[in-house]
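Engineer: just a sequence and a predicted model for now, questions to come.
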Amino acid sequence: MTVKDKGLRQRTAEHFEPWEMHRRVPLPVIWVAVALGIWGTGTLFHGAGSETVARAEKVQAAAEAVRPTDAPSPGAALFAANCATCHQANGAGVRLAVPPLAGSEFPASGPETVARILLRGIDGPIRVAGSDYDGHMPRFAFLDDERIAMLATHVAERFGGRPDGTAAPLAAADVAVLRKAADGRQSWAGGAELAGAVAGLPDQRAAVPASSPSVDAAVSGLIFQGRGQVWACASCHGDLGQGTGSTPRLAGLPASYIARQLADFRGGHRAGENMRVVASGLSDGEIAGLSTYYAGLRVPSNAAPALGGDLARGEEIALRGDWRKDIPACFSCHGPSGFGVAPDFPALAAQHPAYVAGQLAAWAGGTRGTARLGLMDRISAALPDADRRAIADYLASLAAVPAVATVTAQGVPTNGQ
Amino acid sequence: MTIGLLLALSFVVSLLALAFLIWAIATRQITLDGGAAATMFQPGEEGHPDLDGTHLYDTTGIDRISARPVAVLLGGAIVWLIVGSLFGLGASLKLHWPDWLTHYAPLTFGRMRTLHLNLVAYGWLSQAGVAAMMWILPRIFHTPLRSPRLPLIGAALWNVAVAAGAAAIASGWTDGEEWLEIPWQIDGLLALAGVFFVVPLVKTARARTVHHIYVTGWYFLAAMVWFPVLFVVANLPGIHYGTEEATTNWWFAHNVLGLWLTPLGVGTAYYLIPKIIGKPIFSYSVSLLGFWGLALFYSQVGIHHLIGGPIPTWLVTLSVVHSVMMFIPVIAVAINQHVTVARNLWALRESLPLRFIVFGAVSYTLASFQGSVEALRSVNTITHFTQYTVGHAHLGAYAFVTLVMFGAAYHILPRLTGRDFAHPGLIRAHFWLVAAGFAIYFVSLSVGGILQGLAMLDATRPFSDSVILTKPYLEARSVGGALMTLGHLLFAINVIGIALPRRADAVTPVAAE
């Protein structure tokens, strides 16, 4: 204790034990308590809606869970056991090696086609969804009629564009007929023979191996394997340059635009540490090769609105702009449908919303660093956050760019539309 | 129907209970009757302020029995305070010297920060709080501490458990939840130690010679029920998973502050403020309102840490409402404690322990108001995941509870040892070091935290901006933390000084507890 504290000890009693007086609770305290009680009840009442929303979501989720495509049906189990290894669980196939089932014309022509292929296998060139493959598929005749029927029905329903299951399911008896017809015959000699037997398949005769962009081995190695610090492009941007999340879609962007971005990353003009590392390991020739490859890719959109943006507002800005805020229409520079205008205005359609919103924000904050003429800097800065999300979500809802592709010239419908 | 409805009902029931309480107080249903009052005071003394020491109650016999457990507990607490402060300072420095001490796993940021939290929460605050209970409860019950040997066993177990927990955390073995990092196998030892603390205190309460229990007693007795339940339920392994685990985690973590450290700090302040000043507390009715408000509203508060998390929205809303309702008990405690002080400001000049305690009591009011506001979604949007929250946590756990415990230690130790502090100047230096240190700490983290939150919300700025801009504020925090740690060292030196017999009357030095 301090010396002074000794004085205090003399004024107060060491033996004093605390006690309480009997004053009433001050009236303002009661007012405050009542006000808080009213506020709390009101807040809870107001927040009660959230439970209603949660219940609705739960009911919806339960309804979706019983949809046939999601239920673990016997057909799905057969698919997982026999097909998914090569065609992938989502039916996307493997680029340049295994044809996709999703978006393929073959399941779309019905379960019977699928059963025919299963019973005989394929050995010959085949064109699926605009790309050519060197088809080698073993036969699955060891599955009994009932299993073939279930599997073929599942594949046709899931990948043939009729998820509601309106296609007539294949019966085991039908498979028995097909099996008898296939008995003793060799594998289908590619798409050409199949097209002769089944109506409605794409033109298989004029198979042009170069329908996918020609890729020399060095560029292909960069894309799929990488080299040292240059890690594989496909490891982030996907095997078809489709991108995801905040990694942009590259497929169908103008080659000169891609090349300029890579050069900007390499020169430190565009911010982005990952891409700076990758691009600084690329030569000019490699940049040109990669740009050409991605510009020629044609991939359906895998983007979807994800930021809770107002799609109507996004459409308004994309088509007409908002001249009260000096914002021009996106499409006045980026082309109709946002498909881009080569060489300098990239495609926006089907771009991933997180990436678009992120880039708009980066321009607004002055951190992207590559705006020509300050165009996107000024426009982005004029967009409030909600508008940036609205535009990004709207663009994600658009169809993908019909990229330059050799098949287009031959009259095959483009882009799976 | 649903848990949401049940929890909403619990709020309504709490409101009704509070309304009933206010009505009962207003109509004097709950007051001391004449008989109850008479057991507290000598005949004819009820209702008169005691300024001349005529409320004679000989406490010397009581204090002599409490002295040993209190000394052991305080000694252990101070050791952990020093160690915990050093880890806290180290963790703070690492935030702006990221390459410092990185080659040894126990000294990496994740472990040092965790060690700091657990050592100060369980080693220092809990132990100092139990020491205050051991000293104060026998006094307000007017009877000596029962089974005074048990707390010695408890203290030994507790300190072994804290040391083992620290070793486990340093070696990377934790339960992986904030405030519950000590592995549950070791927590069992802490729970066992708690039994050795609670049993003597409950026995003392049952043997009390007064009918009326002073407000400090309510807080202490309630804390002895609340904390063991919280601690055991939250630590039981294999019960809670996923988001339920996170919910239980924050239910516990926030209730450690509100239903354990707060009752310890508020109860101690409720005793020592009038004790030192020598004047009674403002109002018994307001005490009731404050205590029951805490009891009714606090338990749901912790879930506001999960605003925006993947748990039901109504659960968060209920927590936000309860957090704001905490204004009621906090205002009640503020009236009772601050009015008593405000009418006797002279005492602040004369008593250094009172300075610590009043600093703590005012911090309780501020921390609670701040916490209620911080729980609102609109505010939380900015402050969540920023240094602002760290500043707030220290306003509660440091500026409030720790400073009250400093004051309690300075008040108790001379009475416990029968000696005065050898270096009163060190107490003054201690006070100003921690007051200035904490002011720097709190202001820098609050300002830096808000700027950090605004930067994170601004999509046009890269995330790294929100990190880089905090650097000067983190450096300021380290300066503040260093001042506070220096103050703690002075505190420890002074305590060693009073615990060791003076040179004149001792030949063999006795180790400080």
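Structural biologist: Perfect, I can see it now.

Engineer: can we go C-alpha only for contacts and neighbour counts from here?
Structural biologist: OK.

Engineer: A:Leu151: which element?
Structural biologist: helix A:145-159 (DSSP states H and E).

Engineer: now the stretch 351-500 of chain B against chain A: closest residue?
Structural biologist: Going by CA to the nearest CA, chain A is nearest to B:Thr460 of the stretch 351-500 of chain B, at 4.1 Å.

Engineer: mind listing what that residue touches?
Structural biologist: Going by CA atoms under 8 Å, 6 or more residues apart in numbering or on different chains, B:Thr460 touches A:358, A:360-367.

Engineer: need those in TSV (columns: neighbour count, distance to chain B and pLDDT).
Structural biologist: Formatted as TSV, these follow (neighbours: other CA atoms under 10 Å in any protein chain shown; distance: CA to the nearest CA, whole Å; pLDDT from 0 to 100):
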residue	neighbour count	distance to chain B	pLDDT
A:Gly358	21	7	92
A:Leu360	26	8	93
A:Ala361	26	4	92
A:Ala362	22	5	90
A:Trp363	24	7	91
A:Ala364	23	6	90
A:Gly365	18	4	88
A:Gly366	20	8	85
A:Thr367	18	7	84
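
Engineer: give me the distance from the helix holding A:Leu151 to the chain's centre.
Structural biologist: In terms of CA atoms, centre = their mean, to the nearest Å, the centre of helix A:145-159 is found 27 Å from the chain centre.

Engineer: do stretch B:311-320 as well
Structural biologist: Relative to the centre of its chain, stretch B:311-320 is centred 26 Å away, using CA atoms, centre = their mean.

Engineer: what's in contact with that stretch?
Structural biologist: So stretch B:311-320 is contacted by A:43-44, A:47-48, A:50-51, A:54, B:4, B:7-8, B:11, B:243, B:300-304, B:306-307, B:372, B:375-377 (CA under 8 Å, 6+ apart).

Engineer: neighbours around residue 229, how many?
Structural biologist: Picking chain A for this. Counted by other CA atoms under 10 Å in any protein chain shown, the residues lying close to A:Gln229 total 12.

Engineer: ah, no, chain B please
Structural biologist: Residues lying near B:Val229 (other CA under 10 Å) number 14.

Engineer: same thing with the one 4 residues further on?
Structural biologist: A total of 14 residues lie near B:Val233 under the criterion other CA under 10 Å.

Engineer: which secondary structure element is home to it?
Structural biologist: Per DSSP H and E, B:Val233 falls inside helix B:215-235.

Engineer: any idea whether B:Thr143 is helix, strand or coil?
Structural biologist: coil (DSSP: H, G, I helix; E, B strand; the rest coil).

Engineer: gap between it and chain A?
Structural biologist: 13 Å (CA to the nearest CA, to the nearest Å).

Engineer: list phi and psi for B:Glu244.
Structural biologist: Here is the backbone geometry of B:Glu244 (degrees, to the nearest 10): phi -60, psi -40.

Engineer: returning to what we had before: confirm the residue of the stretch 351-500 of chain B closest to chain A sits in a strand?
Structural biologist: No: for B:Thr460, which was evaluated using three-state DSSP, the result is coil, with no strand membership.

Engineer: now it. Its backbone dihedrals?
Structural biologist: Torsion angles, degrees, to the nearest 10, at B:Thr460: phi -80, psi 0.

Engineer: now do A:Val59
Structural biologist: For A:Val59, the backbone dihedrals (degrees, to the nearest 10) come out as phi -60, psi -40.

Engineer: same thing with A:Ser131?
Structural biologist: phi -120, psi 150.

Engineer: okay, and the beta partners of it?
Structural biologist: A:Val128 (DSSP bridges).

Engineer: burial measure for it, as a count.
Structural biologist: 22.

Engineer: and B:Ser66, by the same measure?
Structural biologist: When counting by other CA under 10 Å, one arrives at 25 neighbours for B:Ser66.

Engineer: enumerate every residue touching it.
Structural biologist: When the contact criterion is CA under 8 Å, 6+ apart, the partners of B:Ser66 are B:134-135, B:138, B:144-145, B:148.
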